[in-house]
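Engineer: Provide a 3D model corresponding to the input given below.
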Amino acid sequence: MHRRMSALLVVLSLAMAVIAEGQERFGALTGRVTDQQNMAIPGVTVVTTNTESGQVRTFVTDAEGRFTAPDLVPGRYTVRFELTGFSKVERPDVSVVAVDASADAIALAQANVDELVPGRVELFVSDLYAAVPPGRMFDVVAGNLPYVADDDPGLESQVAKHEPALALYGGPDGLDIIRRAAAEVPTWLKPGGTMVIECGGAQEDLIGDVMLGAGLIEVRTARDLAGIERVVYARLPADA
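Structural biologist: Residues are numbered from 1 along each chain as shown. Take a look at the predicted model:
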């Protein structure tokens, strides 16, 4: 007899990223897989499929049953959860919504949306939450925000040359915009919702402290393909 598992899937509903020339970073999916007793299930294979492009990506839940699927383009996704001994769970038609401070980036995103997923993605030109309709609540607020310090001597010259400053610099320590985003996020997250932020090298602890200071809990990190801590995420208490 197969045991049953359930998937609490939190979907990117607000991405706050400046898209540099040639980049198309829009959002992420994150979630937690549990059994019928609400116990975490590690080692679950999570398969995301973009139903328009057919792109398939695979992830595995960690020891606490959590997973993060970063860098998803706008569109509709089917998410499948599989583990030997459990019934399969599938969550179809997961939608992605994108927001950007750059009008040029939104124009590029809109062209992609019109071609690939017409009418299925909301796009806003916005400084963080400024243009988001009041009263909207989201399962996830995620972003690739500027995190480079204004006078960072370690910034590669090619990056500084080709990336717009708006996409790079975040104040004296690189975290000014991230602090603003975290301070306001409880207004926009549903109870139990998640905030996901991309970070630079050795910033994960600082950003985690910022999130905790904003009232979020359960700070975690995820590594990129090079093994570098690249994503920090935390959630709003369910009773918030």
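Engineer: and the helices in this structure?
Structural biologist: In the chain, the helices defined using DSSP state H lie at 103-116, 157-162, 176-188, 204-213.
Engineer: the ones you listed: lowest mean pLDDT?
Structural biologist: Mean pLDDT is lowest for helix 157-162 out of these, coming in at a mean of 70.
Engineer: that older thread, could I get the helices of the chain as CSV with mean neighbour count and distance to Y77?
Structural biologist: Placement of C-beta: from N, CA and C, glycine included. What follows is the helices of the chain, written out as CSV (neighbours: other C-beta atoms under 10 Å; distance: least, C-beta to C-beta, whole Å):
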stretch, mean neighbour count, distance to Y77
helix 103-116, 16, 12
helix 157-162, 10, 30
helix 176-188, 19, 22
helix 204-213, 18, 26
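Engineer: for this structure, which segments count as strands?
Structural biologist: 5-15, 27-35, 45-50, 56-60, 66-72, 76-82, 89-95, 98-100, 123-125, 138-143, 189-198, 217-223, 229-235 (DSSP state E).
Engineer: okay, those, which one's buried deepest?
Structural biologist: strand 98-100 (a mean of 27; mean count of other C-beta atoms under 10 Å).
Engineer: now tell me which helix or strand of the protein has the poorest mean pLDDT.
Structural biologist: strand 5-15 (a mean of 41; mean pLDDT, DSSP states H and E).
Engineer: turn the strands of the chain into TSV, including distance to A109.
Structural biologist: Formatted as TSV, these follow (distance: least, C-beta to C-beta, whole Å):
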stretch	distance to A109
strand 5-15	10
strand 27-35	11
strand 45-50	15
strand 56-60	20
strand 66-72	13
strand 76-82	15
strand 89-95	14
strand 98-100	6
strand 123-125	6
strand 138-143	14
strand 189-198	17
strand 217-223	24
strand 229-235	21
